[in-house]
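A.B. asks: Have a look at this fold, sequence not included:
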């Protein structure tokens, strides 16, 4: 009888590693329903999704009973119910039949309008005062963002005297009130925001950081919900964008009006030179709550393969054009049966109580990228294309002596062919099947600016625009540029990590991870010169110290002086497709016992095709070696693995 638990009690079901990431929860709260007849384990119900779960790995709390709150929950924790001893004489109680409950999307509960003013709390309502600042900030934030280009905000601090409030009154919690905000927004001049010195210094710093962040915003604010979009100054543009997205959904027969909820995602698209291109709205289903999928995959070409294709195009003077698939995921066909609540702002009149049965994939579903890839792959194979073995996102077709390629990065297609006529023919075939945008010759791809010199057969790729954004983001830490990314013979160590709570608190406000992650995308794209530097600073993301932060700042200084750097691909007119593989060379090196903590060596390599960098790596060895020769052989082994991959890839191409 040990397997029998109290009906309705709480049970925490273990989530296995294959269904969660590192930072995800390891268990989910469920309600015990009994023991199944034909399965091992327990029968439970997930209180958030109302899905029946069978599991043997459960920890029960038989004196706690989870609340039945549907798919939504309040932000305040619910006090668990305790079992009460039975009364001596039970009293009959009439229990009404539970009506059918229509579950509202979570965003509708979060976006309820907030009153324009917050009353000063009385001493008896002191616990509620802690929510006032966040409520006020939530209401004021969109207005500040929209007026940030014309209004400057300064801080001043006021000290309350002993005679200000009576000793028996509740202390006033200073906040950025609606009146102060409206005064700032209605004024074309700078305005002051006064904070009491009684306010917690941590809260003052948080508000300072908030306003400084807002002052750094120069672009149109992007609303997070449909309701915020309709309240913004660009409501007409957002509504037209959402209407266009909704029309695409209807044209593709994405659902039928017969439950997962959905939300709107709003993005401002800019041109390569900076001005606003268009307002884009996208409906995203909350696929993180779904378990109706078997496999997931996203068609993303490898960076080294993309650089190799661009190099070949430059050397052989091939045409390189770009196309963008509109609402690509809506072209995939679902194998599962999924229902979704009608989108906010576009509910069918007279059928508001119904939900949508998805007929095709939708953004947010785990299987949506895979479904789109299968649809595109089947279509390209019908056109005579074959997928490469070494990269399934590159398709090749050869007719006679004419070879063309199509590279796929989710919904971006890169068409490489020897003649403009063949490119136009491929574009026409793709447009007949999918709704696409013809972007012409490739100019801007994945954040890379691509400049081509047909006369000298070169392609120059760089990330100047992205590097400028990174430098502007961390400009407070970059007083001047320098010539090298790291000091000579400087080695970072675990001994520099903070050990005391004071040191950890001092580092908690430093954007170490943000800085490292921002520079990482530059390194993997067009900046091999920062590979060694990134390997060093990336070792201490979990617990960085001040010495590690100084190394990051030095790298940012180097970036500020070299933001226009990039890769020059091609440059030779003597190379043909027959001798292309002979132009592949590589260089490797190692640093013996480089790590001061483990004494492991560091190895690195760079591969080049006709003097054009294709791939690079800087990596700490997995084992401790006994000599410099052994370290060199390990580095050479890593290099040869990459060379074999590129050799096979070139044979396929």
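C.D. replies: It's in. These figures come from a predicted structure and were not determined experimentally. Numbers count the residues shown, from 1 in each chain.

A.B. asks: any idea how far residue 552 is from the most centrally placed residue in the chain?
C.D. replies: The centroid of the chain falls nearest to residue 517 when counting by C-alpha atoms, centre = their mean (11.8 Å). In this structure, residue 517 and residue 552 are 11 Å apart, going by C-beta to C-beta, to the nearest Å. Quick note: C-beta positions are derived from backbone N, CA and C, even for glycine.

A.B. asks: Specify the beta-bridge partners of residue 402.
C.D. replies: Note on residue 402: beta-bridge partners by DSSP bridges are residue 399.

A.B. asks: Just give the number of residues close to it.
C.D. replies: Around residue 402 sit 11 other residues, with neighbours defined as other C-beta atoms under 10 Å.

A.B. asks: Was I right to think it contacts residue 422?
C.D. replies: Yes. Under the criterion of C-beta atoms under 8 Å, residue 402 makes contact with residue 422 at 6.8 Å.

A.B. asks: Secondary structure class of residue 550, three-state.
C.D. replies: Here residue 550 is recorded as helix under DSSP: H, G, I helix; E, B strand; the rest coil.

A.B. asks: Distance-wise, check it relative to residue 490.
C.D. replies: With distances taken as C-beta to C-beta, residue 550 is found 10 Å from residue 490.

A.B. asks: With residue 546 instead?
C.D. replies: Look at residue 546 and residue 490: by C-beta to C-beta, they are 14 Å apart.

A.B. asks: Comparing those two, which shows the higher neighbour count?
C.D. replies: With neighbours defined as other C-beta under 10 Å, residue 546 and residue 490 compare such that residue 546 has more, 14 against 11.

A.B. asks: pretty sure the more buried one is touching residue 492, no?
C.D. replies: No. Here residue 546 does not reach residue 492: they are 11.4 Å apart, not a contact under C-beta under 8 Å.

A.B. asks: Contacts for stretch 480-495, please.
C.D. replies: Stretch 480-495 has contacts (C-beta atoms under 8 Å, 6 or more residues apart in numbering) with 529-530, 532-533, 536-537, 539-540, 547-548, 551, 554-555, 557-562, 594-597.

A.B. asks: my bad, stretch 389-401
C.D. replies: With contact meaning C-beta under 8 Å, 6+ apart, stretch 389-401 is reached by 299-302, 305, 309, 377, 380, 383-388, 403-409, 645, 648-649, 652-653.

A.B. asks: Okay, and which of these map to strands?
C.D. replies: Judged by DSSP state E, the subset of the contacts of stretch 389-401 located in strands is 386-387, 403-409.

A.B. asks: quick one: which of those is nearest residue 360?
C.D. replies: residue 408 (19.0 Å; C-beta to C-beta).

A.B. asks: and the closest one, bridged to which residues?
C.D. replies: Under the criterion used (DSSP bridges), residue 408 bridges to residue 413.

A.B. asks: ok, now how distant is it from residue 351?
C.D. replies: To residue 351, residue 408 is 38 Å away according to C-beta to C-beta.

A.B. asks: Which one's more surrounded, these two?
C.D. replies: Neighbours of residue 408 and residue 351, each counted by other C-beta under 10 Å, are more numerous for residue 408; the result is 24 against 11.

A.B. asks: for that one, what are its contacts?
C.D. replies: Applying C-beta under 8 Å, 6+ apart, the residues contacting residue 408 are 299, 301, 373, 376, 393-395, 414.

A.B. asks: pLDDT wise, what is it at?
C.D. replies: Per-residue confidence (pLDDT) for residue 408: 92.

A.B. asks: what's the answer for the one 10 residues further on, then?
C.D. replies: Residue-level confidence at residue 418 comes out at 91, pLDDT.

A.B. asks: Could you pick out the longest helix of this protein?
C.D. replies: helix 628-652 (DSSP state H).
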